[in-house]
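K.L.:
Pasting the sequence and the predicted coordinates here, then a few questions.
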There are 2 protein chains.
Amino acid sequence: MSARIPQVAVKRLPVYLRVLGDLAAQRVEIVSSAELSRLTGFSSEQIRKDLAHFGSFGTRGVGYRTEALLDGIRDVLGLHRDIAVALVGAGHLGTALARYNQSQDQHVDILAVFDADPAKIGQALGGTRVRDVAELPRVVRELGIRVGVVAVPAARAQQVAEALCAAGVEAILNFAPVRLEVPPSVHVENIDLSQALQALAYYTAPGGRDGA
Amino acid sequence: MSARIPQVAVKRLPVYLRVLGDLAAQRVEIVSSAELSRLTGFSSEQIRKDLAHFGSFGTRGVGYRTEALLDGIRDVLGLHRDIAVALVGAGHLGTALARYNQSQDQHVDILAVFDADPAKIGQALGGTRVRDVAELPRVVRELGIRVGVVAVPAARAQQVAEALCAAGVEAILNFAPVRLEVPPSVHVENIDLSQALQALAYYTAPGGRDGA
DNA sequence: TCCTGTGAATGTGTTCACAGCA
DNA sequence: TGCTGTGAACACATTCACAGGA
């Protein structure tokens, strides 16, 4: 049942979560892997494999019960209980993230936001107020925060990451264009907006590249 | 020499670009795969394989010439010539992207920004002014734009994607939490901020997951 | 009959081990 | 000797083909 799930599959789980959420909202009770394939763009075999990694949720000849599957995936991701997140950096990116997340409402709670800019401290964002980054160590510990988001300029990123790790965070989402040096127990996921854009250039014409 | 490059490797190229740019700025003329490994976190064998995909840039027993390698990678990505990008959506995310990109200065030029909100139209952003999204078809064609960024609310995303494709865009970076339906010749890359956060939850404790 | 669940085959990417050249 | 370049071995992920239960 609950063996280890390939990391590529882990990245697909939130996609299922969104699609299933939509279906549940439309009161669709049963869904087939073929239908999920249409909605997500993944192949139906792949979907069945992904879901089989953590148990048998489907009924042969019928399909998957929407609600049961939602619960199952939330369970695997650990989203049945609320997960506490700290956002460091209340600039445009941080603000965008806080809003996106609020609209999704998947038990991912941004419980604290930090910034170094006195002009930003005290402002409302994502259901809290922006705090001085100096309070980070204390607040992260007190609120039992496990995930940190680094949305600060590159020059500050390493220092922020260290503070987060020292305060007991287990995973970091890093938007700064630098490689973070962290203890091996901390999982880091990098998203670099300009790099994503640069990689896209490869898929534009001269040289006749693919497009799939 | 210039065969097809695995797509995972394509995503690593911008990382090399950043690191090599830093080295060049420090007047480092030669760099080994071992040093690049330290700076990027990728293994040295992997780096050599990646670079070998598009030619022999190194000198055995010595290393790689920083500048030559920079040029080589820019070439492969198509970043030797400027690449023209349209950004649709001048909200927090769009603004963040425009600024990040401006600071990187890698021949990725956001030549046009569009928004539907009259209050935003006319404002300066990323070296241009925000235009009415109604002008998108004409402007994208006139400026020869090949890459589009979708940073609008989910409900508008499909419609924007269609306009971009119709105007001749070849690749799209999509931040909206929806699956875009586009012609097969158009390459779509999705970045969903809340999904990234949700996936991270998997790597936090209860159940003793990995952390690598 | 229909759609899930899964072994087997294929494809893709990474690591190893070392040959080859400065 | 030192570091690149690369075939061969391995690990990981996807697709195929079909067995199995409602």
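P.N.:
Received the coordinates, thanks.

K.L.:
State which helix of chain A is the longest.
P.N.:
Secondary structure assigned by DSSP state H gives helix A:7-25 as the longest helix of chain A.

K.L.:
That one close to DNA strand C?
P.N.:
No - contact between helix A:7-25 and DNA strand C is absent, the nearest approach being 10.0 Å (criterion: Cβ under 7 Å from any atom of the strand). All C-beta spots, glycine's among them, are computed from the backbone N, C-alpha and C.

K.L.:
Looking only at that helix, what residues are buried by neighbour count?
P.N.:
Within helix A:7-25, the residues scored as buried using 16 or more other Cβ atoms under 10 Å in any protein chain shown are A:9-20, A:23.

K.L.:
JSON lines please, covering those residues and showing pLDDT.
P.N.:
Below are the buried residues of helix A:7-25 laid out as JSON lines (pLDDT from 0 to 100):
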{"residue": "A:Ala9", "pLDDT": "97"}
{"residue": "A:Val10", "pLDDT": "97"}
{"residue": "A:Lys11", "pLDDT": "98"}
{"residue": "A:Arg12", "pLDDT": "98"}
{"residue": "A:Leu13", "pLDDT": "98"}
{"residue": "A:Pro14", "pLDDT": "98"}
{"residue": "A:Val15", "pLDDT": "98"}
{"residue": "A:Tyr16", "pLDDT": "98"}
{"residue": "A:Leu17", "pLDDT": "97"}
{"residue": "A:Arg18", "pLDDT": "97"}
{"residue": "A:Val19", "pLDDT": "98"}
{"residue": "A:Leu20", "pLDDT": "97"}
{"residue": "A:Leu23", "pLDDT": "98"}
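
K.L.:
tell me the angle of the strand or helix carrying A:Leu97 relative to helix B:92-104?
P.N.:
Using DSSP states H and E, A:Leu97 maps to helix A:92-104. Between the axes of helix A:92-104 and helix B:92-104, defined by axes from the mean of the first three to the mean of the last three Cα atoms, to 10 degrees, the angle is 150 degrees.

K.L.:
Is any residue of stretch A:72-82 near DNA strand C?
P.N.:
No - Stretch A:72-82 stays clear of DNA strand C (Cβ under 7 Å from any atom of the strand), getting no nearer than 10.3 Å.

K.L.:
Which one of the buried residues of helix A:7-25 is nearest to B:Ser194?
P.N.:
Set against B:Ser194, the nearest of the buried residues of helix A:7-25 by Cβ to Cβ is A:Pro14 (7.6 Å).

K.L.:
sorry, back to before: same list, the buried residues of helix A:7-25, but only the ones touching chain B.
P.N.:
A:10-11, A:13-15, A:17-18 (Cβ under 8 Å from any Cβ of the partner chain).

K.L.:
And the residues you listed, which is closest to A:Glu189?
P.N.:
A:Lys11 (9.3 Å).

K.L.:
how about the ones next to chain B among the buried residues of helix A:7-25 in a markdown table, adding distance to DNA strand D?
P.N.:
Conversion of those to a markdown table gives the following (distance: Cβ to the nearest atom of the strand, whole Å):
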| residue | distance to DNA strand D |
| --- | --- |
| A:Val10 | 9 |
| A:Lys11 | 9 |
| A:Leu13 | 12 |
| A:Pro14 | 15 |
| A:Val15 | 12 |
| A:Leu17 | 17 |
| A:Arg18 | 18 |
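
K.L.:
biggest strand in chain A by residues?
P.N.:
Using DSSP state E to define each element, chain A has its longest strand at strand A:108-115.

K.L.:
what helices or strands is the helix or strand following it leaning on?
P.N.:
Following strand A:108-115 in sequence order, the next helix or strand is strand A:124-125 (DSSP H and E). Where contact means 3 or more Cβ pairs under 8 Å, 6 or more residues apart in numbering or on different chains; DSSP states H and E, strand A:124-125 is packed against helix A:92-104.

K.L.:
Does at least one residue of the helix it packs on sit close to chain B?
P.N.:
Yes - Helix A:92-104 is in contact with chain B by Cβ under 8 Å from any Cβ, via A:92-93, A:95-97, A:99-101, A:103-104.

K.L.:
Show me which residues of chain A sit near DNA strand D.
P.N.:
Counting by Cβ under 7 Å from any atom of the strand, chain A sits next to DNA strand D at A:6-9, A:43, A:45-46, A:49, A:59-62.

K.L.:
Could you work out the most separated pair of these?
P.N.:
A:Gln7 and A:Gly61 (31.8 Å).

K.L.:
Just among the residues of helix A:92-104 next to chain B, which is most surrounded?
P.N.:
A:Leu97 (29 neighbours; other Cβ atoms under 10 Å in any protein chain shown).

K.L.:
Pretty sure that residue sits against B:Leu193.
P.N.:
Yes - if you go by Cβ atoms under 8 Å, A:Leu97 and B:Leu193 touch, sitting 5.0 Å apart.

K.L.:
which among the residues of chain A next to DNA strand D gets closest to A:Leu87?
P.N.:
Nearest member of the residues of chain A next to DNA strand D to A:Leu87, counting by Cβ to Cβ, is A:Gln7, at 23.6 Å.

K.L.:
what about the closest one, distance to A:Ala90?
P.N.:
30 Å (Cβ to Cβ, to the nearest Å).

K.L.:
got it, and A:Leu180?
P.N.:
Counting by Cβ to Cβ, the gap from A:Leu180 to A:Ala90 is 20 Å.

K.L.:
likewise A:Asn174?
P.N.:
16 Å.

K.L.:
could you show me where the helices are in chain A, in order?
P.N.:
Under DSSP H, chain A gives helices at A:7-25, A:33-40, A:44-52, A:66-77, A:92-104, A:136-142, A:154-166, A:193-201.

K.L.:
Check whether A:Glu29 really touches A:Glu67, as I assumed.
P.N.:
Yes - between A:Glu29 and A:Glu67 there is a contact under Cβ under 8 Å: 7.5 Å.

K.L.:
I'd say A:Gly21 and A:Leu70 touch.
P.N.:
Yes - counting by Cβ under 8 Å, A:Gly21 touches A:Leu70, with 6.9 Å between them.

K.L.:
Without its sequence neighbours, what residue ends up closest to A:Leu17?
P.N.:
Excluding its sequence neighbours, the residue lying closest to A:Leu17 (Cβ to Cβ, 6 or more residues apart in numbering or on different chains) is A:Ile73, at 5.5 Å.
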